[in-house]
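1. The sequence and its predicted three-dimensional model are supplied below.
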Amino acid sequence: SRVTQLAFTIDETDPDPLVNVRQLCDALGVKPPGENVPHHVGQIEGGQFKYERHGEFYRVSVVADGNGGKGEALALLPLGWIDGLPGKRLVGIHTRILGPADAVPDAAAVARFFGHEDLAGSKVSSGYATVWTDFRIGADGYTRMLVHDQGLTPLRLGRVIRRLHEIETYRMMALLALPLARRIQSELGTLERAVSKVTADMQATRESEEDAELLTRLSGIARDVEEISNRSSYRFAAARAYAALVDKRLQELGEEKVMNFQRVSVFLDRRFGPAMATCAAVNDRIKSLAERSERASNLLRTRVDIALEDQNQQLLASMDRRARQQLMLQETVEGLSVVAISYYLIGIVAKLLEGLEKYVPGFDAKLASLISVPIVVVLVWLGVRRLRHRVHRAMRD
């Protein structure tokens, strides 16, 4: 048997691939899929066709029955139909299946099939099947796999093929994060140096004007880090999820060593593991940089707040001094006012007493004037004080 699977990434701007699937079904005379169905299977002449829709991608699989056919399973589809599918092709896999009646290929035969010896191979499914692949895209754009069925039921064989195809599909979906991680690395380096420079400048300066400028720089850095995080968080999270699916499918295969080939999981770990480690490291750098910029901003804001508090204390102390000075000046003015008013009132009282002396025999105007002085001063002082209290009360109200 021969199996071909293709996976295409797709987004909301791409047309619905179900339109193409219906056209294919019409051309091959099979029942078309309904509206918005996530998967569809059609029995076609010489094999089977399958469509599966996932969140970010969809898959098209073709199975050619029998061992006698030549070429790939894709030949069962109309010429050019694959080229018209929407989205970007991410994965193409040609899988050749040898039956139990076929001889077990030796290492040389496997190398001739793939054209080189840098291969991975494992016994899977309790030793009832052997798989080989190189996880390498050939000149025709397809990765090749070879499976020797050694007694599996059709259902179990289908599961093995599906797991192998899912491993390659999820691996390629996870690797979509790698170009983004590489682009972000240079941006992070620039921002990390900027944070270090601001931190050094914080230690070198104590001027509040410069603190404000440093805070502005830190705010700009934090904004850039947040933009990078928003741009990459989904892709990195998806990469982790796809990598976890790859590991799960590898475990489900139940690998055993075959001949001198590296196991599929070991082969993948050498090539796939470093890429995922790079994505994880870049994601950790983004988080670390966000935390560094936040800590620096908090320290700087604390310093600015302390400086403002000191300024406020100095301002309050200055206002208190001015208030005391104004009070002293007010009391001085009040004292002078009492003296001036008393002086004029005493003069008026003296004139009145002098006039009274002419009409009252034995009345001593000078003695009466002397006696009136303290009385007038006290009355004036009380009057000024009462007036001041009224003014203060009116101002409070």
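-> Perfect, thanks for sending it. Numbering: from 1, shown residues only.

2. show me what contacts the residue positioned nearest the centre of the chain?
-> Geometric centre of the chain, nearest residue: Ser229, 3.3 Å, by Cα atoms, centre = their mean. By Cβ atoms under 8 Å, 6 or more residues apart in numbering, the contact set of Ser229 is 286, 290. Any C-beta I mention is one placed from the backbone N, CA and C, and that applies to glycine too.

3. Start at 47, not 1
-> Will do, 47 is the new start, and the previous item becomes Ser275.

4. which SS state does Pro320 fall under?
-> Under the three-state scheme (DSSP: H, G, I helix; E, B strand; the rest coil), Pro320 adopts helix.

5. what separates the closest residue in space to Ala166 that isn't next to it in sequence from Gly161, distance-wise?
-> Spatial nearest neighbour of Ala166, chain neighbours left out: Phe313 (3.3 Å); criterion: Cβ to Cβ, 6 or more residues apart in numbering. Counting by Cβ to Cβ, to the nearest Å, the gap from Phe313 to Gly161 is 17 Å.

6. The two: which has the busier surroundings?
-> Phe313 (19 against 11; other Cβ atoms under 10 Å).

7. and the gap between the more buried one and Ala283?
-> 26 Å.

8. before we move on, the earlier item: show me what whichever strand or helix holds the residue nearest to Ala166 is packed against.
-> With elements taken from DSSP states H and E, the one containing Phe313 is helix 310-405. Contacting helix 310-405 under the criterion 3 or more Cβ pairs under 8 Å, 6 or more residues apart in numbering; DSSP states H and E are the following elements: strand 166-170, strand 175-183, helix 200-220, helix 223-250, helix 254-299, helix 411-442.

9. which of these sits most buried?
-> Comparing those by mean neighbour count (mean count of other Cβ atoms under 10 Å), strand 166-170 ranks first with a mean of 23.

10. Let's test this: mean pLDDT of that one, rounded?
-> The pLDDT scores in strand 166-170 average 93.

11. again, but for stretch 273-283
-> 95.

12. Tell me where the model's unsure across the protein.
-> Counting by pLDDT under 70, the chain shows low-confidence ranges at 113-116, 252-255, 441, 443.

13. can you list contacts of the longest strand along it?
-> When the chain is parsed with DSSP state E, its longest strand is strand 134-144. Contact with strand 134-144 is made by 47-56, 103, 113, 118-120, 151, 159, 183, 187-195, 203, 207, 210-211, 214-215, 218-219, 222, as judged by Cβ under 8 Å, 6+ apart.

14. isn't there a strand covering Glu81?
-> No. Under three-state DSSP, Glu81 falls outside any strand and is assigned coil.

15. what's the distance between it and Ile417?
-> To Ile417, Glu81 is 118 Å away according to Cβ to Cβ.

16. And this protein, what are its domain boundaries?
-> 48-211, 223-361, 367-442 (automatic domain parsing).

17. picking up where we left off before, what's the closest of the helices and strands packed on helix 310-405 to Thr324?
-> With respect to Thr324, and counting by Cβ to Cβ, the nearest of the helices and strands packed on helix 310-405 is helix 223-250 at 5.4 Å.

18. for the closest one, packing partners?
-> helix 254-299, helix 310-405.

19. can these go into CSV with extra columns for distance to Val244?
-> Listed next are these as CSV, based on distance: least, Cβ to Cβ, whole Å:
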stretch, distance to Val244
helix 254-299, 5
helix 310-405, 6
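
20. of all those helices, which lies closest to Gln69?
-> Taking Cβ to Cβ, helix 254-299 is the member of those nearest to Gln69, at 30.3 Å.

21. how about the CA coordinates for stretch 87-104, as CSV?
-> Below are the C-alpha coordinates for stretch 87-104, written out as CSV (Å, rounded to 0.1, in the frame of the first residue of the first chain):
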residue,chain,number,x,y,z
VAL,A,87,-13.8,10.2,4.1
GLY,A,88,-14.5,9.2,0.5
GLN,A,89,-13.9,5.8,-1.1
ILE,A,90,-12.4,6.4,-4.5
GLU,A,91,-11.3,4.1,-7.3
GLY,A,92,-8.2,2.3,-6.1
GLY,A,93,-8.2,3.6,-2.6
GLN,A,94,-9.5,6.1,-0.1
PHE,A,95,-9.4,9.9,0.3
LYS,A,96,-9.6,11.7,3.7
TYR,A,97,-9.9,15.3,4.7
GLU,A,98,-9.4,16.5,8.3
ARG,A,99,-9.7,20.1,9.6
HIS,A,100,-7.7,21.2,12.7
GLY,A,101,-7.3,24.6,14.4
GLU,A,102,-4.4,26.0,12.5
PHE,A,103,-4.1,23.5,9.7
TYR,A,104,-5.9,20.9,7.7
